[in-house]
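S.K.: Here is my input; please provide its structure:
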Amino acid sequence: MGFVAESNQGAIGNGGKSGLRSLVRRKRVDSVHSKSLETGHHQLAKELSIAHLIAIGVGSTIGAGVYILVGTVAREHSGPALAFSFLIAGIAAALSAFCYAELASRCPSAGSAYHYSYICVGEGLAWIIGWALILEYTIGGSAVARGISPNLALLFGGPDSLPFFLARYSIPSLGIVVDPCAAFLVFIVTGLLCVGIKESTFVQSVVTTANICAMIFIILAGGYLGFKSGWIGYRLPVGYFPFGVDGMLAGASTVFFSYIGFDSVASTAEEVKNPQRDLPLGIGAALSICCMLYMLVSAVIVGLVPYYAMDPDTPISSAFASHGVQWAVYIITIGAVTALCSTLMGSLLPQPRILMAMSRDGLLPSFFSEVNKRTQVPVKSTILTGVIAAALAFAMDVEQLAGMVSVGTLLAFTMVAVSVLILRYVPPDEVPLPSSLQAAIDSVSLRYSNNIRTEEIDVEISKSQTGEKNISKKGEASAEYPLIAKISAQAKCKESKRRNIAGWAIILTCIGALILTYSASNLGIPRSFRLTLCGVGGLLLLLGLGVLSCIDQDEARHNFGHSGGFICPFVPLLPILSILINVYLLLNLGADTWMRVSVWLVIGVFVYVIYGRSHSSLQHAVYVPAAHVDEIYKSSAESLNS
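M.R.: From the prediction side, this is the model:
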C-alpha cells in the first residue's frame, strides 16, 4: 500500500530531486469531496445552458478575420477552392474539439487546458500551459479592441469620423498611437463580465446573433448576385485548383486560426448546469456552425469575383461594390464590428477563470480566486484583466504581437490531445489528498497493511502444512490459496508492464511528431539529412501508434472523473493526428514569434520557482491509491461524527 507524502522534508539536502518531483505531481479531478473542503472561496454560478455555450463558442471564434482572410488566402493559396480549405481546417480543428469535449465533460472545472494538463500530465507543464493562456487572452483581447475603432469609424463616414475623445491620435514624443475607443470598449466589456455570467453571455448572444445575420445577408445577397452574373469567379481557364492541392492545403493551415476560440467554451465548464451533456454539444455545435458559415461565405465571395482580382484588405465589400451594391458595405461593416465585439468578450471571459484555477491550486496568490458573493463571478480577477487589456489596447500597437496569441492556443490543443491518451492508457493510479486527512489515511493504510500481513501468514501456513486443512488468523486457508495469490501477483505485474509500455509509446509518439514536423517544415536542413529525420520521426510516430492500437486501454479510465459524458472516438488515431497538426502549426509560427513567447515563458518559470512551487496546494499533499479515496473520506467522516 503506497501512501506517499509530498513535503519539504529533505529539500535542503536534496533540492534538485524535490524540485523535479514538484514538476510531475498531479492533482485529482474536482469532486464532491474536494469541493466540500474548499472554504477559501465561493463557487461559480451554474447558469449556462447549451444555447449560452453556443453563443460563447461562435462569438469567440468568428472574428473580423473572415471579412479579411478570404481575400488573402484566395489570392495567394487556394483560389476558387477556398471553401475546401475552410472544410479541411474545420476537420483539423474538430480533432482538438473531440479531445476537449471528452475532458471537459469528465473534468468540468474552470481552467480548461491548464486544468486537464495538471490532472493528466503534471504541475510543471500545466503551469506553462496556464502561463501561455494568460498571454493569449491578454494580447488577443487587446489586439481585437484595437481593431474595432477603424471599423467603427467607417460607420460614421470615414477613418477620422469618430468623436475627438474616442479618435486615435499620435504622441510624437513617445512614438505611439493611442486608441481611447479601444480602451473604452474593453472597460465596457469588463463591466458586463463583472455583472454576472448569465447577463454577460446574454449580451454576447445578442451581438453574435447580429454578426450571424450579417453573414447570412452576405450568403443570400451574394448568392443572388452570383446566380445573376453567372458565377464569374468559377468560370476560369485555370480550373478550380489554380495553385494545386498543395495550395489548398497551405490555405487550410492559414485559415485554421479562424477556428481558434471554441476552447473558450471549456473554460466556463464550472458554470454549466449539466456539463456532461451540454459541454460536448456546445463545443460541437459552435464548431459546426462556424465551419458552415465560413464555407458558405467563402464559396459565395470567390464566385462573385475572380480570385486574382479580389481586394486583400476588403474582399467582401469590394466584391459587392463590383456588382454595384455599394450600400452593402454598411451591413458588412456592422458585421465586422459585431464580430470583433463578440470576440473581445470571448477573449476576456476565460482569462479570470484561468487565473482563478491557478490560484485555487496555490500557484498564484489567493487574490485571484476570490468570487463575489452576489454575482458569483471572480470580479477582482476580471477587473485586473480588463485594466491590463485596456492599457495595452490604449497605448500599444499589439498587431505585431498578435502571432503570440496562437502559441498559447496550439500548446493547449497539443496538451489536451496528449491528456486524452494518458487518460485512456495510463490514468493516474495515485491521487493527492490534503494532509488534514492524515488520520483517516493512516487508519485505512493500517487496515490494508494488516490484511496483507494476514494473507502472507495464510500463505506461509499453507506452504508448511501441505495436504492438510489449516486454521489461520483469517480463518480457514486451503492449499489452493497460494495459487490464487500467485495469479493475483501475476495480474498486477502484467498490468504494470502494460502501463509502462503505454507510457513509453505515448512519449515516443510525441517525440516522433516533433521530429517529423520539424524536419518536414524546415527547408534549411540539407535534403539527405532532412529525409533521414523525416524517416526517423515517421517511424517513431507509427511505432507509437501501432503499440497503442495493439494494447488494451486502462480499465480505470471508466472511473476517471465524472462519468456519463462524451467519449472521444478513434483513440489513439484521432489524438495523435491532433498532436501532429498542432505541432506542425506551432513550428511554423516564425522565429520572431517564438522569441517573444520565450521571453514570456522564461518570466513564467521564474514566477513558478519563486512563488508557485512552494505555495502549491500539493506541497504537503499525501498521495494514495485512487481506489481507496472514497474509503478514506468515509473513515474521516465517521471519526468526525464519533
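S.K.: Is the residue lying closest to residue 545 once chain neighbours are set aside in a helix, a strand, or coil?
M.R.: Spatially, and ignoring its direct neighbours in sequence, residue 545 is nearest to residue 576 (5.6 Å; CB to CB, 6 or more residues apart in numbering). C-beta here means a position set from N, CA and C on the backbone, and glycine is covered the same way. Assigned with DSSP: H, G, I helix; E, B strand; the rest coil, residue 576 falls in the helix class.
S.K.: Pull the distance from the longest helix seen in the chain to the chain's centre.
M.R.: Longest helix in the chain by number of residues, with DSSP state H as the criterion: helix 481-521. Averaging C-alpha positions (CA atoms, centre = their mean, to the nearest Å) puts helix 481-521 26 Å from its chain's average.
S.K.: ok, and for the helix or strand following it, which residues are buried?
M.R.: Remark: after helix 481-521, the chain's next helix or strand is helix 527-550, criterion DSSP states H and E. Neighbour-count burial for helix 527-550, counted by 16 or more other CB atoms under 10 Å, picks out 530, 533-534, 537-538, 540-541, 544-545, 547-548.
S.K.: In those, which has the lowest confidence score?
M.R.: Among the buried residues of helix 527-550, residue 530 has the lowest pLDDT, at 91.
S.K.: How much space separates that one from residue 537?
M.R.: 11 Å (CB to CB, to the nearest Å).
S.K.: Residues that sit against both of the two, list them.
M.R.: Common neighbours of residue 530 and residue 537 are listed as residue 519 (criterion: CB atoms under 8 Å, 6 or more residues apart in numbering).
S.K.: Not counting its neighbours along the chain, what's nearest residue 522?
M.R.: Of all residues not flanking residue 522 in the chain, residue 530 sits nearest, at 7.2 Å (CB to CB, 6+ apart).
S.K.: same thing with residue 358?
M.R.: residue 364 is the one closest to residue 358 (CB to CB, 6+ apart), at 4.6 Å.
S.K.: Look at that neighbour and tell me its secondary structure.
M.R.: Criterion first, three-state DSSP; result for residue 364: coil.
S.K.: ok now do the closest residue to residue 131 other than its chain neighbours, which residues does it touch?
M.R.: Once flanking residues are discounted, residue 131 sits nearest to residue 604: 3.6 Å by CB to CB, 6+ apart. Applying CB under 8 Å, 6+ apart, we find residue 604 in contact with 127-128, 131-132.
S.K.: change it to 7 Å
M.R.: 127-128, 131 (CB atoms under 7 Å, 6 or more residues apart in numbering).
S.K.: Now, of those residues, which are buried?
M.R.: Among these, the ones that count as buried by 16+ other CB under 10 Å are 127-128, 131.
S.K.: Distance to residue 144 for those residues - can I get that in a markdown table?
M.R.: Shown next, in a markdown table, are the buried ones among the contacts of residue 604 (distance: CB to CB, whole Å):
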| residue | distance to residue 144 |
| --- | --- |
| 127 | 26 |
| 128 | 24 |
| 131 | 21 |
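S.K.: do you know how far the nearest residue to residue 322 once chain neighbours are set aside is from residue 141?
M.R.: Spatial nearest neighbour of residue 322, excluding adjacent residues (CB to CB, 6+ apart): residue 305 at 5.8 Å. Distance from residue 305 to residue 141, counting by CB to CB: 33 Å.
S.K.: does residue 177 sit in a helix, a strand or a coil?
M.R.: Per three-state DSSP, residue 177 ends up strand.
S.K.: Next: residue 620.
M.R.: Classified using three-state DSSP, residue 620 is coil.
S.K.: Can you give me the neighbour number for it?
M.R.: 16 (other CB atoms under 10 Å).
S.K.: Next one, pLDDT for it please.
M.R.: Residue 620 is given a pLDDT of 85.
S.K.: likewise residue 13?
M.R.: For residue 13, the predicted pLDDT is 35.
S.K.: got it, and residue 507?
M.R.: Looking at residue 507, its pLDDT is 96.
S.K.: separation between it and residue 548?
M.R.: Where residue 548 is concerned, residue 507 sits at a distance of 11 Å (CB to CB).
S.K.: picking that back up, pop out the phi and psi values for the residue nearest to residue 358.
M.R.: Recorded main-chain torsions at residue 364 are phi -130, psi 160, according to degrees, to the nearest 10.
S.K.: so it touches residue 356, yeah?
M.R.: No. Contact between residue 364 and residue 356 fails when scored by CB atoms under 7 Å: they sit 8.8 Å apart.
S.K.: that older thread, I'd like the buried residues of helix 527-550 as JSON lines, with distance to residue 197 appended.
M.R.: Putting the buried residues of helix 527-550 into JSON lines (distance: CB to CB, whole Å) gives the following:
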{"residue": "530", "distance to residue 197": "50"}
{"residue": "533", "distance to residue 197": "48"}
{"residue": "534", "distance to residue 197": "47"}
{"residue": "537", "distance to residue 197": "44"}
{"residue": "538", "distance to residue 197": "46"}
{"residue": "540", "distance to residue 197": "44"}
{"residue": "541", "distance to residue 197": "41"}
{"residue": "544", "distance to residue 197": "41"}
{"residue": "545", "distance to residue 197": "40"}
{"residue": "547", "distance to residue 197": "44"}
{"residue": "548", "distance to residue 197": "39"}
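S.K.: Can you tell me the closest non-neighbouring residue to residue 141?
M.R.: residue 347 (3.7 Å).
S.K.: For burial, what's the neighbour tally of the one you found?
M.R.: Residue neighbour count, defined by other CB under 10 Å, stands at 28 for residue 347.
S.K.: residues contacting it?
M.R.: 137, 140-141, 144.
S.K.: Okay, and which of those residues map to helices?
M.R.: Per DSSP H, these map to helices at 137, 140-141, 144.
S.K.: Quick check: residue 549 vs residue 44, distance?
M.R.: Between residue 549 and residue 44 the computed distance is 40 Å (CB to CB).
S.K.: Hmm, I typed the wrong one, I wanted residue 340.
M.R.: From residue 340 over to residue 44 the distance is 27 Å, taken as CB to CB.
S.K.: neighbour-wise, which of those two wins?
M.R.: residue 340 (26 against 22).
S.K.: which residues does that one contact?
M.R.: 63-64, 144, 147-148, 151.
S.K.: Please tabulate those in TSV, including the columns distance to residue 105.
M.R.: What follows is these, written out as TSV (distance: CB to CB, whole Å):
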residue	distance to residue 105
63	27
64	32
144	29
147	34
148	34
151	37
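S.K.: ok, of these, which come out buried?
M.R.: For the contacts of residue 340, buried by 16+ other CB under 10 Å: 63-64, 144, 147-148, 151.
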